[in-house]
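> for reference, the sequence and a predicted model appear below.
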Amino acid sequence: MSDEGVGLPRSTIQKLVKDEIPQGYRMSKNFLDPILHCAVETVQFIAGQANQICMNANKETLMPDHVLQALRDLEMTEFLTVAEASMAEVSQSNKEAKESRKRKKAEHQDKRSQAEIIQAQRAMILAARNRFLGTEPHSDQGTPQT
């Protein structure tokens with residue numbers, strides 16, 4: 001796979017590395033370059049395997065389960081726990097967002113009873129009919145016709 005134009009944010013990788021090295025230690029200028037290259041290769045390797053799994057299953061959409069299976073197939077099982085926890089976190093976040101949208105939609109629903117809604121619809125239809133037939137003035141004219 002070619003990694004032209006592909007990369008991971010250097011600042012993110014640098015922060016991850018800094019969090020792992022003991023306090024008081026420093027990194028040389030070129031220290032991150034091989035780590036960045038390895039990180040990109042690893043992501044491409046896992047993604048390629050997940051894509052192959054997806055294609056073998058005659059699917060057109062890569063799913064998180066394909067990534068988990070790729071990790072198993074590549075014998076990278078030490079990452080499974082982290083990946084599964086991440087999937088659960090994303091799933092919970094999506095569920096909460098969906099429930100929030102549902103609550104907001106319910107709050108904006110018309111609070112009138114079904115009979116009141118039907119009565120209002122009939123009044124609007126009658127007003128539109130009267131305007132069409134010319135028996136009622138348009139609301140933007142302001143004064144009734146005599």
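Now that the structure is in, tell me what you want to look at.

> quote the end-to-end distance of stretch 72-90.
Taking Cα to Cα, to the nearest Å, the first and last residues of stretch 72-90 lie 21 Å apart.

> now do the buried residues in that stretch.
79, 83 (16 or more other Cβ atoms under 10 Å). Where C-beta positions appear, they are placed from N, C-alpha and C, glycine not excepted.

> for stretch 22-41, the distance to its chain's centre please.
Distance of stretch 22-41 from its chain centroid, counting by Cα atoms, centre = their mean, to the nearest Å, is 31 Å.

> what about it, how long is it end to end?
26 Å.

> what lies in contact with that stretch?
Identification of contacts with stretch 22-41 by Cβ atoms under 8 Å, 6 or more residues apart in numbering yields 3, 6-8, 10, 13-14, 17-18, 21.

> buried subset of these, written for ChimeraX?
Those of the contacts of stretch 22-41 that count as buried under 16+ other Cβ under 10 Å are selected in ChimeraX with:
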select :13
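
> in helices, which of the contacts of stretch 22-41 fall?
Among the contacts of stretch 22-41, the ones falling in helices (DSSP state H) are 10, 13-14, 17-18.

> need those in JSON lines (columns: pLDDT and distance to residue 99).
Putting those into JSON lines (pLDDT from 0 to 100; distance: Cβ to Cβ, whole Å) gives the following:
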{"residue": "10", "pLDDT": "89", "distance to residue 99": "37"}
{"residue": "13", "pLDDT": "90", "distance to residue 99": "35"}
{"residue": "14", "pLDDT": "91", "distance to residue 99": "37"}
{"residue": "17", "pLDDT": "91", "distance to residue 99": "38"}
{"residue": "18", "pLDDT": "90", "distance to residue 99": "37"}
